[in-house]
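[1] A predicted structure for the sequence below; I have some questions about it.
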Amino acid sequence: MEPGHPAVAALPGRGPVKAGLASGWDSLLLPALGASLLLFLLPQALFVKNSLYAPLGFGRIGDELTLQNFGRVLTDSLFLYSFRLTAYLSFLVAVVAILLGFPLAYFIARSQSRWRSLLVTLLVVSSFITVVIKSLGLIVILGGSGPVNRVLVGAGLVERPLTLLNNQFGVVVGLLHYTFPLMALVLLSVVQTIPASLEEAAEVMGAPRRRVFTRILLPLCLPGVLAGGLMVFNMSMGAFTSAALLGGGRVPVLPILIQRKIISEVNYPMGATMSVLLLVAVVALNVLAVWLLGRFRRLSAGMRGTL
Amino acid sequence: MGTRSWSGWGGILVVALAFLLAQDGDHVAQAQGGAALRGTTMRVSTWGGSWKDARHVTAGKRLEQLGVKVEYVVGNPMDNFAKLVAARGRDVPFDLMELGTGDIKIQAREQGFLEKLDLARVPNARDLPPASVDVDAVSTHLLQIVIAYNAEKFKEQGLPAPTEFKQLFHPKLAGRVAFPDINTTMAAYTIVGFAMLAGGDEHNIAPGFKKIGELKVNYYYKASTDLITKFTMGDVWAAPWHVGWVFRARKAGFPMSFADPRGDKWTGMIANEWVGIIKGSRNRAAAEAYLNAMLDPDLQVDFAKRVFMAPTTRKALQKVAADAALRESFMWREEEIKKAYELDWKVLARDWPKWVEAWNRVTLR
């Protein structure tokens, strides 16, 4: 949340930050920003370059610039299906992560319990666990003879074990498991910046809980929710491990397709072309989301102004 | 003393020299190369898990005795081949490569990645049959593709031993069959086996991919270590696999059994698996010594006992014949091998990108 945000300004002990001090501290971020940009831009530049040459087989590339790879990929039904599937699964994961993460974040933010810090610690620790370990754990839990299926069959809810792995369901659960702690932490930081007194004031004025949520909490949280949702969406679009381990080679998300182009076919130009298109699509979707949010906020402000 | 005495000493020297030359060339090579190799670090690309461990406690330890530090780059041959291609023009990522089946050997040769072998520097290679020696690679073991199955589950379901790939289509096996991923060594044979069900073979592979699309697969396995977990968890009941893993699973107490797939004119599927030295290696002498150790008859048998794969040198095969447990573990007799199917790897090396393309379209849709 921006420093000038009303909710932040209303926080006790949070006066306006001195511009000079802020810029001084900000400059400390420059080396990290530079390193990140370098590590991001260099590989991307290499991928963009590779995408502009024809593949000659087994890792060799042509020496004449061409756009033929883009033409081939964009008319390839498997790539187009894979792109739609990746975007759909990533969107689904982002929505479910918001729906599950928001109540948890709200509960922790407003809780006075002594267990609160333990819950936050658990979230932080679980976000450190590598995705491979998380996925392997899910393979045991969701397997045909795993605890989930044993409970379902034991309780008589299903006749035979459900197929929870090696399909899209398994991949969605894996991606959720991977991204959920980060989503919950982002939402927690958002909810914490909204003073509980705002909700209390609305309730004192007679607003029911649902109205407090839709008119106070949600509008104030929306930028943070969107940022968290985009973060999860972006992570899911590029996630390879969960799809590889929990999709059983049957869920053709784009990272899997790119890996096959590069490893199985040793076809760097086509793999690079797919990577470039994935990056462009993700950046475009993010820009679109931010633009839509800005438009929504301007519309909301306009509506409030006319009331 | 005098002249007679000198001629006596000369005779002894000649006899000693002849004795030395008659000894296993391995030890001579080690004695010659040992001092030169001390302090070098070499890298071997190989499969991971228990395979790498078995390589290290056999050939790797022999090299350590010579003062060589051995590092491993693990992954299946296709992944490691991709690393080799990616490093083109720079330092090679490993000195010695387990190439797997013949197709990758041919691809690596055509791309100029393999060093021609000087068999005088790999003396144990002299004991290999002609089919296991090539100009730039030697075969260290035989891969035997089988249909592995959970014997208990098959008994429970009243299913017969699956001696043909078509039995994997049995309705009771729907969702219980694992299929090797295209990057695994087992994939090529299995795809060809499926093509044969519909009148094709490696020269006419399209029917194979069509049949794969019809199979109700549980998942496409990339690593045998992963597949063994799926078998023990009860998710998978049958899979085209290699016989080595069947025995490793049995050794761990799992009720695994296997059947050799059969065709009209053949029984069983078998392939030489190759090892070669990478062109540009700065540790060629160490790579040759490692390769020689891989072909040492005692180490070949020790390796066979660990991974249950047939050795290739004649002396090692004689030792297998004398070992009651080992001789029933895998196909190794000449007459059995003659009856088994071996792919035309040249076709595979030529058509591989088309196979991958077809695979992606069938398995990912």
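    Nice, thanks for sending it over.
[2] spell out which parts of the stretch 201-307 of chain A neighbour chain B.
    Neighbours of chain B within the stretch 201-307 of chain A, by CB under 8 Å from any CB of the partner chain: A:244, A:248-252, A:256-257, A:260, A:262-267. Using the backbone N, CA and C atoms, a C-beta is placed for each residue, glycine as well.
[3] mind giving me the ChimeraX command for buried ones among those residues?
    To isolate the buried members of these in ChimeraX, using 16 or more other CB atoms under 10 Å in any protein chain shown:
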select /A:244,248,249,250,251,252,256,257,260,262,263,264,265,266,267
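[4] which SS class is the residue in the stretch 101-250 of chain B that chain A sits nearest to?
    Proximity of the stretch 101-250 of chain B to chain A (CB to the nearest CB) peaks at B:Tyr219, 2.8 Å away. Here B:Tyr219 is recorded as strand under DSSP: H, G, I helix; E, B strand; the rest coil.
[5] what residue in the stretch 1-150 of chain A comes nearest to chain B?
    Counting by CB to the nearest CB, the stretch 1-150 of chain A gets nearest chain B through A:Gly59, at 3.4 Å.
[6] torsion angles phi and psi at that residue?
    Main-chain dihedrals, A:Gly59, degrees, to the nearest 10: phi 80, psi -10.
[7] count the residues that sit near it.
    If you count neighbours by other CB atoms under 10 Å in any protein chain shown, A:Gly59 ends up with 20.
[8] what do you get for A:Arg215?
    Neighbour tally, A:Arg215, other CB under 10 Å: 12.
[9] distance of it from chain B?
    46 Å (CB to the nearest CB, to the nearest Å).
[10] in three-state terms, label the residue of the stretch 151-300 of chain A found nearest chain B for me.
    Closest contact between the stretch 151-300 of chain A and chain B, by CB to the nearest CB, is at A:Gly248 (2.8 Å). State at A:Gly248, reduced to three classes by three-state DSSP: coil.
[11] do you know the pLDDT at it?
    Here the pLDDT value assigned to A:Gly248 is 91.
[12] so what's it up against?
    By CB atoms under 8 Å, 6 or more residues apart in numbering or on different chains, the contact list for A:Gly248 reads A:165-167, A:170, B:218-220.
[13] who wins for most neighbours among those?
    Result: A:Leu165 is most packed of these (other CB under 10 Å), 27 neighbours.
[14] what number of residues lie near the residue lying closest to it once chain neighbours are set aside?
    Spatially, and ignoring its direct neighbours in sequence, A:Leu165 is nearest to A:Leu142 (5.2 Å; CB to CB, 6 or more residues apart in numbering or on different chains). For A:Leu142, the number of neighbouring residues by other CB under 10 Å comes to 23.
[15] over to B:Met233?
    15.
[16] am I right that it is in contact with A:Ser145?
    Yes. Applying CB atoms under 8 Å, one finds B:Met233 in contact with A:Ser145, separated by 5.5 Å.
[17] my guess is B:His236 meets B:Ala178, correct?
    I think there's a mix-up here, since residue B:236 is Val and not His. Yes. B:Val236 lies in contact with B:Ala178 (CB under 8 Å); the separation is 4.5 Å.
[18] list residues touching both of the two?
    Joint contacts of B:Val236 and B:Ala178 (CB under 8 Å, 6+ apart) are B:218-219, B:227, B:230.
[19] skip the chain neighbours and tell me the closest residue to B:Ser329.
    B:Ser329 sits nearest to B:Phe308 (CB to CB, 6+ apart), 5.0 Å away.
[20] which ones are touching that neighbour?
    B:243-248, B:329-330.
[21] looking at the contacts of A:Gly248, which two lie furthest apart in space?
    Greatest spatial distance among the contacts of A:Gly248 (CB to CB): A:Gly170 and B:Tyr220, at 13.5 Å.
[22] and stretch B:143-163, what's buried?
    B:143-151, B:153-154, B:159, B:162.
[23] okay, and which of the residues you listed map to strands?
    In strands, judged by DSSP state E, the following of the buried residues of stretch B:143-163 are found: B:143-150.
[24] coming back round to it: and the closest residue to the residue of the stretch 101-250 of chain B closest to chain A other than its chain neighbours, its phi and psi?
    Residue nearest to B:Tyr219 in three dimensions, not counting chain neighbours: A:Gly248, with 2.8 Å by CB to CB, 6+ apart. Dihedral pair for A:Gly248: phi 60, psi 30, per degrees, to the nearest 10.
[25] how near is A:Gly248 to B:Thr363?
    Plainly put, A:Gly248 is 10 Å away from B:Thr363 if you go by CB to CB, to the nearest Å.
[26] residues shared between the contacts of the two?
    What both A:Gly248 and B:Thr363 touch, as defined by CB under 8 Å, 6+ apart, is the set B:Tyr220.
[27] how close does the residue nearest in space to the middle of chain A get to A:Leu123?
    Nearest to the mean C-alpha position of chain A, by CA atoms, centre = their mean, lies A:Val232 at 0.7 Å. A:Val232 sits 14 Å away from A:Leu123, going by CB to CB.
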